[in-house]
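Engineer: predicted model, plus sequence, below.
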Amino acid sequence: MELRKDPITRSWVVVGHPEQAQVPAHPCPLCPNDNLPGQTLLAVPDGGSPQVRVIPDFDPIYRIEGEPGRTADGIYDKMHAVGAHEIVIETPNHDRRLSQLHDEEIERVLLAWALRVQDLKKDERFKYVTVFKNRGGLAGEDWEHAHSQITATTFVPRRILYELRAARDYHAQKERCVFCDIVRQEEKQGARVVDTAGDYVAFCPYASRVPYELWVMARKHNHQFETPRPAANRRNLAALLGRLLRRIEKVADAYHLVLHTSPNTRQSKGELGDYWRTIADDYHWHIELLPIVERRSKSYSIKEVYFNTLYPEQAAERLRQFDHSL
Ligand SMILES: [Zn+2]
Ligand SMILES: [Zn+2]
Ligand SMILES: [Zn+2]
């Protein structure tokens, strides 16, 4: 396995096959059992019988050992697939989805994400840490058992680079955070806002790529999800996320969730050097939710241009209609 860089789009591509790992023969490898290989990286709460457990992936895309070893191949760049790949087991109960957990249980999942991002960012080899969740067969989930995944990579994924550049340029022109401006305008207009809790707002983005796309953001500026402002109440975020997932499950069988947070600013050399000067002011963490509504969605086959058949204003209206208590 190696990483190759597309010199035109600057995106890194993982090439090759992972080695076939020994995934346990137990029917569900994420259910509590004594045969789980590897160590538990994190348990929340610690001790007793934890609800959330983080373990290394059985079949990791990235390997934790070694240096990136970035080398030239003629005009091209390549490096070893060094990084981390972890599984967050959200509940020991095989039959409960993340959307069915109580607010305080979802809060523990969010805490586990934050603690792992913090820990992985201590490793200066890693430029970016991604938290994501593929829920449902159409989203390509590996196991039914509620879980999310974390990867740490020696490069910043392309979409994050786009966001970083756009946020930096906007800030350079206006001395404001583009995400803060978006939240303010969405709340003022209201048409695309779906739900709020405490300081957190969820809305269908103006140029939604897929039907019922949702972004979740804090009103108060913060570039890092993993280090909340003292007043930020993660329980509110957990409550909001739970309600949003239950809404999404009314209209879609599957979804992708991805957390976008600031890259590792300990890594100040190289291609990202430019971004560090204003990143704490210009970038703003958020969660993106991408439901999969259409079986053969053009959005996923023609990635260059997104075709979304549903206006985000209509999507927001429909999602708002579902009972608040759900
Ligand atoms: Zn299970
Ligand atoms: Zn902001
Ligand atoms: Zn984003």
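Structural biologist: Structure received. Ligands and ions are numbered 1, 2, ... in the order given.

Engineer: which ones are touching Arg176?
Structural biologist: By Cβ atoms under 8 Å, 6 or more residues apart in numbering, Arg176 lies in contact with Tyr170. Yep, even glycine has a C-beta here, placed from its N, CA and C like the rest.

Engineer: now with 10 Å?
Structural biologist: Counting by Cβ atoms under 10 Å, 6 or more residues apart in numbering, Arg176 makes contact with Tyr170, Arg184, His221, Asp281, Asp282.

Engineer: can you flag the buried ones in those?
Structural biologist: Those of the contacts of Arg176 that meet the buried threshold are Tyr170, His221, Asp281, Asp282, by 16 or more other Cβ atoms under 10 Å.

Engineer: could you dump these into TSV with secondary structure added?
Structural biologist: Shown next, in TSV, are the buried ones among the contacts of Arg176 (DSSP: H, G, I helix; E, B strand; the rest coil):
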residue	secondary structure
Tyr170	helix
His221	coil
Asp281	helix
Asp282	helix
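
Engineer: buried set for stretch 33-53?
Structural biologist: In stretch 33-53, counting by 16+ other Cβ under 10 Å, buried: Leu36, Leu41, Leu42, Ala43, Val44, Pro50, Gln51, Val52, Arg53.

Engineer: before we move on, back to that, among the contacts of Arg176, find me the one that's closest to Phe126.
Structural biologist: Asp282 (21.5 Å; Cβ to Cβ).

Engineer: quick revisit: and ligand 2, which of the contacts of Arg176 contact it?
Structural biologist: Among the contacts of Arg176, the residues within reach of ligand 2 (Cβ under 5 Å from the ion) are His221.

Engineer: list just the nearest of the contacts of Arg176 to ligand 1.
Structural biologist: Nearest to ligand 1 among the contacts of Arg176 is His221, at 38.9 Å by Cβ to the ion.

Engineer: got the contact list for the closest one?
Structural biologist: Arg176, Cys177, Phe179, Cys180, Val183, Arg229, Ala280, Asp281, Asp282, Tyr283, His284, Trp285.

Engineer: what's the closest non-adjacent residue to Asn254?
Structural biologist: I think there's a mix-up here, since residue 254 is Ala and not Asn. Excluding the flanking residues, the one nearest Ala254 by Cβ to Cβ, 6 or more residues apart in numbering is Gly136, at 2.7 Å.
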